[in-house]
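1. With the sequence up front, the predicted model follows.
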Amino acid sequence: LWLLAASAHALTKVAVLGPGDPWVSLNAAKTAHRQGLVSSIACNKPAEARKMLWGPEVSSEDEAKIKVVEGAEGIGEILEDAEGLIISGAGFAGLTGNYCETVLRNAPECKSVAICVEAGKNADAIDAARKACAERSIPCSVLRVHELRGGGPGTNKGAGAA
């Protein structure tokens, strides 16, 4: 759903990042990959993210499908040529206006933005993202979700994430 905005603008590279629930971010990156986009994700636990993406037996072929980075340098690397951004703010700490502005300022090739927030929260972040996008004539879609519940992909061997 939130990638529809991205696909409408013939994007090839999508970066997923944000302080929101990592499961939401991982699903977004995997969905982008399945739609034929080169996707990357920033997270603070890359080994755990890879396991959640591909299951307990992660192959080098799987690792090549979605680039997983961590830290400021890794985030800068994926923002450098990202044409689409998925900013995940639902769950955990939520999203701030400063975070959105910083991400957009460091994504010079960005042509489309999708933001995921919990309904009724993060109004300042949404306003900041919309303003930054409007200044660059970038479409900005907002997906509002209810409070997140549940867990990850489970522990069945080979099941992987959805």
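-> All right, it came through fine. Numbering: from 1, shown residues only.
2. Run through who's touching stretch 104-115.
-> For stretch 104-115, the external contacting residues (Cβ atoms under 8 Å, 6 or more residues apart in numbering) are 2-3, 5-6, 8-9, 11, 13, 15, 75-76, 79-87, 89, 95, 100, 125-126, 129, 132-133, 136, 138-143. Using the backbone N, CA and C atoms, a C-beta is placed for each residue, glycine as well.
3. Apply 7 Å and report the result again.
-> The set of residues that contact stretch 104-115 without belonging to it, under Cβ atoms under 7 Å, 6 or more residues apart in numbering, is 2-3, 5-6, 9, 11, 76, 79, 81-87, 89, 126, 129, 132-133, 138-143.
4. Could you check how far it is from the centre of its chain?
-> Using Cα atoms, centre = their mean, to the nearest Å, we find the averaged C-alpha position of stretch 104-115 to lie 12 Å away from the chain's own average C-alpha position.
5. What residues of it count as buried?
-> 104, 107, 110-115 (16 or more other Cβ atoms under 10 Å).
6. circling back to that earlier point, looking at the contacts of stretch 104-115, which are in strands?
-> Judged by DSSP state E, the subset of the contacts of stretch 104-115 located in strands is 84-87, 140-143.
7. wait, which of those residues is closest to Trp54?
-> Ile86 (19.2 Å; Cβ to Cβ).
8. pretty sure that closest one contacts Ala28?
-> Yes - under the criterion of Cβ atoms under 7 Å, Ile86 is in contact with Ala28, at a separation of 4.8 Å.
9. related to what we said a few turns ago, from the ones in strands among the contacts of stretch 104-115, pick the one nearest Gly120.
-> Among these, and counting by Cβ to Cβ, the member closest to Gly120 is Val142, at 12.2 Å.
10. What sits closest to that closest one if chain neighbours are left out?
-> With sequence-adjacent residues excluded and distances taken as Cβ to Cβ, 6 or more residues apart in numbering, Val142 is closest to Ile115, at 5.1 Å.
11. same deal with Gly91?
-> Taking Cβ to Cβ, 6+ apart as the measure, Gly91 lies nearest to Asp21, with 3.3 Å between them; neighbours along the chain are not counted.
12. got a pLDDT number for the one you found?
-> For Asp21, the model assigns a pLDDT of 83.
13. Now, the buried residues of stretch 104-115 that are in strands?
-> Residues of these located in strands (DSSP E): 112-115.
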